[in-house]
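1. with the input below, show me the fold.
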Amino acid sequence: MRGAARALACLRRGLAAAAAVQPPAAQGALQRLQLQRGFSSAGGRAGGAAAGAAAGRAQWLAAVAVGLSAGLGVQLYSGQQPAECKAADKKEGGSSKDRLIDKEEVAKHRTKETGIWVTYKDGVYDVTKFVEQHPGGTARIMLAAGGAIDPFWAMYQQHNTDQVRGILEEHRIGRLKGGQTAQVTDPYANEPARHPALIVRSQKPMNSETPKELLAGSLLTPNDLFYVRNHLPVPHIKPEEYRLKIEGEGLRSMELTLHDLQTKFRRHSITATLQCTGNRRNDFNERARPVKGLEWDGGSISTAVWTGVRLRDVLKAAGLEDDDANVNHIQFEGYDVDMEKTCYGASIEVEKAMDPHGDVLLAFEMNGAPLPADHGFPVRVVVPGVAGCRSVKWLAKIVASDEESHSFWQRRDYKAFSPSTDWDNVDWDAAPSIQNMPVTSHICEPARGAVVDDDEVTVKGYAWSGGGQGIIRVDVSADGGKTWHDAQLQKVPQKR
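-> Numbering: from 1, shown residues only. Below is the predicted model of the structure:
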């Protein structure tokens, strides 16, 4: 029992999904790293994308960039390193784990009263005590109660790791009579082709970074090299069959086709940067405290020219008034779903959605071409200055509501907590969902770990901020902050 408890504690700490702001302790650690490497930088308040370069004299290895990103994804800290997770004490003899159990017996164990059993391949596991601690929530794991978890792990492949399989093994109570019976199809079998230059962080679902050399060399990111952040398989939608549903408080229900959006509303184009909330998470993992989530470096950020119609115009056409006291949030649902038809969803505050001078788009073009499959074809939301997780792709439904989305990714992910918070004491409802992003910046060239022999080195990178703020200055130091250089900024032109 003690061993099982330890395994549960390890799993709770080891599966924290990420989306949070950078805590002061980690910020200090990164600042110390900059000084140790003989290079530091600082950025002013920001908002559009900007690339900068500065020269300084020094031999150095590499540098971490300017204003430290707080957009680093929910960061619930592990109380211990994964290597410290110990296997549960084995029972003497171990014969109970080899007993044969038929699938009919497994099917009887679907509740807390009967015990909650699941199968994986040819193993049978009693997960009753773990259900309440499941990071994805009780409801999701209960879908597999009395049956196989294989199809769920095929969808959510972050579970399919040696560490998680090892922890599951501690709950084994026997073997499935007749062997594995679940027929698992690959939900990612029809994914679109991707450019080989993308830096892949996970294959299923696809999550990949833009090469940082490209970020430093161009203000706009080509579509094929724009970073990819998917949570579920990419849906395949024929443009002539596309339908967007609009419903909720204070408006009449509508259904729009792609043709409707393209012909019945005024088109707008904006140049906007999107950033994954976990961008630069590796800075934490390598120099501060380990956090869970995709191991993003500094390339989960990209800029494009988006063309579409304003969300405000569509909501007004559906009858929503600016001062409707019953509407506080605009919810979005995507066509991307899991095996239980649960879709990806998110929401933004109504003030952002209905701002008369705002720029939230329902976009159908990216850099002058139809949206690529990975980026939301045929229609996606683009919410400039806000965490990228709110810019829902493959948009299926818009809901005006008095409350934010009930999506897992809105309520149980992408929130910020103090460094003392972990899976033992997290209260998801105590923290607001991340919306506007803070200033962040990053050195892209020379690459981390590079050795520069010349007395003078040119440094290139990017600086960006959310909330509609603009980059006004980037300062770079090559001697630990004794002297500073003003970077030359190349800014994305914007129209008011």
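2. what's the end-to-end length of stretch 313-322?
-> 11 Å (CA to CA, to the nearest Å).
3. in that stretch, what counts as buried?
-> Across stretch 313-322, burial judged by 16 or more other CB atoms under 10 Å covers 314-315, 317-318, 320. Just so you know, the C-beta spots here come from the backbone N, C-alpha and C atoms, and that holds for glycine as well.
4. what's that stretch in contact with?
-> Stretch 313-322 has contacts (CB atoms under 8 Å, 6 or more residues apart in numbering) with 246, 250-254, 256, 261, 264-266, 327, 330, 353-354, 356, 362, 398, 400.
5. so of those residues, which ones are in helices?
-> 261, 264, 353-354 (DSSP state H).
6. most neighbours, which of those residues?
-> Most neighbours among the ones in helices among the contacts of stretch 313-322, by other CB atoms under 10 Å: residue 353, with 24 neighbours.
7. close enough to count as contact, that residue and residue 359?
-> No: Residue 353 sits out of contact with residue 359 when judged by CB atoms under 8 Å, with a separation of 10.9 Å.
8. quick one: low-confidence ranges for the stretch 351-496 of the chain?
-> Low-confidence segments of the stretch 351-496 of the chain, defined by pLDDT under 70: 423, 494-496.
9. just the strands in it please.
-> Remark: strands assigned in the stretch 351-496 of the chain by DSSP state E, counting those that start in this stretch are 361-366, 369-370, 380-382, 395-401, 440-445, 456-464, 474-477, 485-486, 488-491.
10. how far out from the middle of the chain is the fourth one?
-> What that stands for is strand 395-401. 20 Å (CA atoms, centre = their mean, to the nearest Å).
11. can you list the residues that contact that strand?
-> Contacts of strand 395-401 (CB under 8 Å, 6+ apart): 243-251, 311, 314-315, 320, 324, 327-335, 343, 347, 350, 362, 376, 379-381.
12. now the angle from that strand to strand 361-366?
-> 170 degrees (axes from the mean of the first three to the mean of the last three CA atoms, to 10 degrees).
13. can you tell me the SS state at residue 214?
-> Secondary structure state of residue 214, per DSSP: H, G, I helix; E, B strand; the rest coil, is helix.
14. please name the nearest non-neighbouring residue to it.
-> Nearest non-adjacent residue to residue 214, counting by CB to CB, 6 or more residues apart in numbering: residue 225, 5.9 Å away.
15. got the contact list for the one you found?
-> Counting by CB under 8 Å, 6+ apart, residue 225 touches 195, 197-198, 210-211, 214, 302.
16. just the buried ones from the residues you listed?
-> 198, 210-211, 214, 302.
17. ok, residue 469 - how many residues close by?
-> By the other CB under 10 Å criterion, the neighbourhood of residue 469 contains 18 residues.
18. just checking, it touches residue 437?
-> No: between residue 469 and residue 437 there is no contact under CB under 8 Å: 9.8 Å.
19. mutual contacts of those two, please.
-> residue 385.
20. residue 172 is nearest to which of the strands of the stretch 351-496 of the chain?
-> Of all the strands of the stretch 351-496 of the chain, strand 395-401 sits nearest to residue 172, with 39.9 Å by CB to CB.
21. paired strands for that closest one, with orientation please.
-> Within its sheet, strand 395-401 is paired with strand 244-248 (parallel), strand 329-337 (antiparallel), according to DSSP bridges.
22. pull the distance from the longest one to the chain's centre.
-> Using CA atoms, centre = their mean, the mean C-alpha position of strand 329-337 is found 15 Å from that of the whole chain.
23. restricting to C-alpha, output it in PDB.
-> C-alpha atoms of strand 329-337 as PDB (Å, rounded to 0.1, in the frame of the first residue of the first chain):
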ATOM      1  CA  HIS A 329     -17.800  35.300 -22.400                       C
ATOM      2  CA  ILE A 330     -17.700  34.200 -26.000                       C
ATOM      3  CA  GLN A 331     -17.100  30.400 -26.200                       C
ATOM      4  CA  PHE A 332     -15.600  28.600 -29.200                       C
ATOM      5  CA  GLU A 333     -15.800  24.900 -30.100                       C
ATOM      6  CA  GLY A 334     -13.700  23.100 -32.700                       C
ATOM      7  CA  TYR A 335     -14.400  20.300 -35.100                       C
ATOM      8  CA  ASP A 336     -11.400  18.400 -33.700                       C
ATOM      9  CA  VAL A 337     -12.700  15.700 -31.400                       C
END
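24. what is the next helix or strand along the chain from that strand packed up against?
-> Remark: after strand 329-337, the chain's next helix or strand is strand 343-349, criterion DSSP states H and E. When contacts are defined as 3 or more CB pairs under 8 Å, 6 or more residues apart in numbering; DSSP states H and E, strand 343-349 sits against strand 329-337, helix 408-411.
25. would you reformat those as JSON lines and include mean neighbour count and distance to residue 141?
-> Converted to JSON lines, the helices and strands packed on strand 343-349 look like this (neighbours: other CB atoms under 10 Å; distance: least, CB to CB, whole Å):
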{"stretch": "strand 329-337", "mean neighbour count": "23", "distance to residue 141": "18"}
{"stretch": "helix 408-411", "mean neighbour count": "19", "distance to residue 141": "12"}
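26. all helices of this protein, in order?
-> Under DSSP H, the chain gives helices at 2-14, 24-36, 103-107, 138-142, 150-155, 162-169, 212-217, 258-264, 281-287, 311-317, 350-354, 408-411.
27. can you tell me which of these the model trusts least?
-> Mean pLDDT is lowest for helix 24-36 out of the helices of the chain, coming in at a mean of 36.
28. show me which of the contacts of stretch 313-322 are buried.
-> Buried by 16+ other CB under 10 Å: 246, 250-251, 254, 256, 261, 265, 327, 330, 353-354, 362, 398, 400, out of the contacts of stretch 313-322.
29. next, count neighbours for residue 104.
-> Residue 104: 9 neighbours (other CB under 10 Å).
30. what's the answer for residue 108, then?
-> 11.
31. does it touch residue 116 like I think?
-> No: with contacts counted by CB under 8 Å, residue 108 stays clear of residue 116, the gap being 11.0 Å.
32. what touches both of those two?
-> Shared contacts of residue 108 and residue 116, counting by CB under 8 Å, 6+ apart, come down to residue 146.
33. just for the stretch 1-150 of the chain, where's the confidence low?
-> In the stretch 1-150 of the chain, residues with pLDDT under 70: 1-95, 135-137, 139.
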